[in-house]
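In: from the sequence below, what's the structure:
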Amino acid sequence: MLYGIAAAIAALLLAALLAALLRTLALRLGAVERRRGRLVALLGGPAVIVATAFVAGAGDWTDVAPLGPAAGRLLVAGMVVGALGLVADLRPVPLPVRAAVVTTAAALTVPFDELGPVVGVLAVGWVVLVTLAFTSLDHADGVMGTVAVVTAFALSGCAAAEVMDGLATLLSVLAAALTGFLMHGWPPARIVPGRCGGLFAGFVLASAAVLVHAGRGAGPSVGAVFALTAVATADAVLVLVSRRRAGRPLLSGAPDHLVHRLRHLGVTAQGAAVLVGITGFAGALVGMLIDLGWVGATAALWVAGGAAGMVLVLLRVPAYGASLPGKPQVGAHLRVRNR
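Out: Sure, this is the predicted structure:
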C-alpha cells in the first residue's frame, strides 16, 4: 500500500516536471500544433511514457513491485507504439503504417493461449480500433488525458480484483502520470499528448482490458470492456457517421468530434472536458462493477444506449463550415514545425 502511494506520487510529479521541460524543448524545436489560433507544444506524450516506464520499471527492477511477464511485455510494446506516435508527431506517418505497428504489438500482448485463435484475432482487432480511437480523442485540450485517467483507475481496480498485481501497478502508475501531465494539459493547454501519448495510453488501456478479462465469460467480458471504452467508441462512431453522411473523406481531419460539437452548443473548453470526463467515469464505473460481479453484464446496455443517444443528439449539431462562438474557424489539427 505504501509503495503504491509513493509510486503514484512519484509518477505524478515526474510527469508534471517532464511536461514542463519538454514544453520548452518543443517550442524551441517548433514541434507545435495550432489549436484555435494558438500554438501548443506536442511533446506531452514522452512525459507520460517516461514517467510511467521509469516508476513502473524501478518497482520491477528492485523487486518491490514486480510487473510480471504479461505486464512487462505490455509496457515494452506500449513504449514501441508510443515511439511510433512520437515520429508521427514530428513527421507524417501514414495511417496504414501506424495500424500495422499497433497490430503487431497487440499480437505480441494478447494471450492467445487463453483466448484461442479466433477470439485472439478479434481481440487484436479490437485493441487496434480502441488505440486509434483514443488517439483521436486528442482533438481538444484535456480530453484524452481525462478519459484515460478514469479508465486506467477503473482497470487498475479490475486487475487488483483478479490478483494481477503487476498489471494493477502499471495501470495505477499510468493513471498518476497522466494526472501529472494534466497539470499542464488542462484547457487552455500549454502542452498536448499528441499521437505519442494517445497511442501509448490507448494501447496500454485496451491491451490491459483484454488481459484482465481473458478466460472469463463472454457476456461479462464484452460488457465490461465496452463500458470501459465507451467514450472513445462513441467519439469514433460520431465522426465516422457524420463524415459518411456529409460525403467527406473518413480519414481527413475536421472539427466534428465530441468536444467540437459541445463547443458549438456554447459549452466552454473546460466544461466540455469535464462533461466528457464525467461520461468516461460513468462508463468506466459500470465496467468495473460488471467486472467485480456487482451488476450483471446487461448494465452495459445502459451505457450503450446512453452512448447511442449522445451520438444521435450530437449528429444534429452543425460541424462543418461553422465557427465556435467568438472564434474564427481554423484547422483543428494543423501542425506547424520547423524542419
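In: in this protein, mark out all the helices, start to finish.
Out: 2-29, 44-61, 68-90, 95-109, 112-115, 117-136, 143-161, 165-185, 194-213, 218-228, 230-246, 258-264, 269-292, 299-314 (DSSP state H).
In: just name the most buried of the ones you listed.
Out: helix 194-213 (a mean of 30; mean count of other CB atoms under 10 Å). Where C-beta positions appear, they are placed from N, C-alpha and C, glycine not excepted.
In: okay if I get the helices of the chain as CSV plus mean pLDDT and distance to Arg36?
Out: CSV is the format used below for the helices of the chain (pLDDT from 0 to 100; distance: least, CB to CB, whole Å):
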stretch, mean pLDDT, distance to Arg36
helix 2-29, 92, 18
helix 44-61, 95, 17
helix 68-90, 95, 19
helix 95-109, 95, 24
helix 112-115, 91, 43
helix 117-136, 94, 17
helix 143-161, 94, 14
helix 165-185, 95, 15
helix 194-213, 95, 17
helix 218-228, 88, 30
helix 230-246, 92, 18
helix 258-264, 91, 9
helix 269-292, 93, 9
helix 299-314, 93, 19
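In: may I see the ones you listed organised as TSV, with distance to Arg35 added?
Out: Formatted as TSV, those follow (distance: least, CB to CB, whole Å):
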stretch	distance to Arg35
helix 2-29	14
helix 44-61	13
helix 68-90	14
helix 95-109	21
helix 112-115	40
helix 117-136	15
helix 143-161	12
helix 165-185	12
helix 194-213	12
helix 218-228	28
helix 230-246	17
helix 258-264	11
helix 269-292	10
helix 299-314	20
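In: tell me which of these sits nearest to Gly37.
Out: helix 269-292 (12.8 Å; CB to CB).
In: now the angle between helix 299-314 and that closest one, please.
Out: Angle, helix 269-292 to helix 299-314, by axes from the mean of the first three to the mean of the last three CA atoms, to 10 degrees: 160 degrees.
In: now the angle from helix 269-292 to helix 230-246?
Out: 120 degrees.
In: which residue packs closest to Thr298, ignoring adjacent ones?
Out: Among residues not flanking Thr298 along the chain, Gly223 sits closest, at 7.4 Å (CB to CB, 6 or more residues apart in numbering).
In: ditto for Gly197
Out: Gly45 (3.1 Å).
In: what about the one you found, distance to His260?
Out: Gly45 is 22 Å from His260, where distance means CB to CB, to the nearest Å.
In: only C-alpha atoms, please: export stretch 219-236 in CSV.
Out: C-alpha atoms of stretch 219-236 as CSV (Å, rounded to 0.1, in the frame of the first residue of the first chain):
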residue,chain,number,x,y,z
GLY,A,219,-21.0,-11.8,-21.7
PRO,A,220,-19.5,-10.1,-18.7
SER,A,221,-16.2,-9.6,-20.5
VAL,A,222,-17.7,-8.0,-23.6
GLY,A,223,-20.0,-5.8,-21.5
ALA,A,224,-17.2,-4.6,-19.2
VAL,A,225,-14.7,-4.0,-21.9
PHE,A,226,-17.2,-2.0,-23.9
ALA,A,227,-18.3,0.1,-20.9
LEU,A,228,-14.7,0.9,-20.0
THR,A,229,-14.0,2.3,-23.5
ALA,A,230,-17.5,3.7,-24.3
VAL,A,231,-16.4,7.4,-24.8
ALA,A,232,-13.6,6.6,-27.3
THR,A,233,-16.0,4.3,-29.2
ALA,A,234,-18.8,6.9,-29.2
ASP,A,235,-16.5,9.6,-30.5
ALA,A,236,-15.2,7.4,-33.3
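In: for the residue nearest to Thr298, list the residues it contacts.
Out: Gly287, Ile290, Ala297, Thr298, Ala299, Ala300, Leu301 (CB atoms under 8 Å, 6 or more residues apart in numbering).
In: go with 10 Å
Out: 213, 217, 286-287, 290-291, 295-301, 303-304 (CB atoms under 10 Å, 6 or more residues apart in numbering).
In: swap in Ala7?
Out: Counted by CB under 10 Å, 6+ apart, Ala7 has contacts Val55, Ala56, Ala58, Gly59, Val64, Ala65, Thr169, Ser172, Val173, Ala176.
In: taking the residues you listed together, which two end up most distant?
Out: Longest span within the contacts of Ala7, CB to CB: Val64 and Ala176, 16.1 Å.
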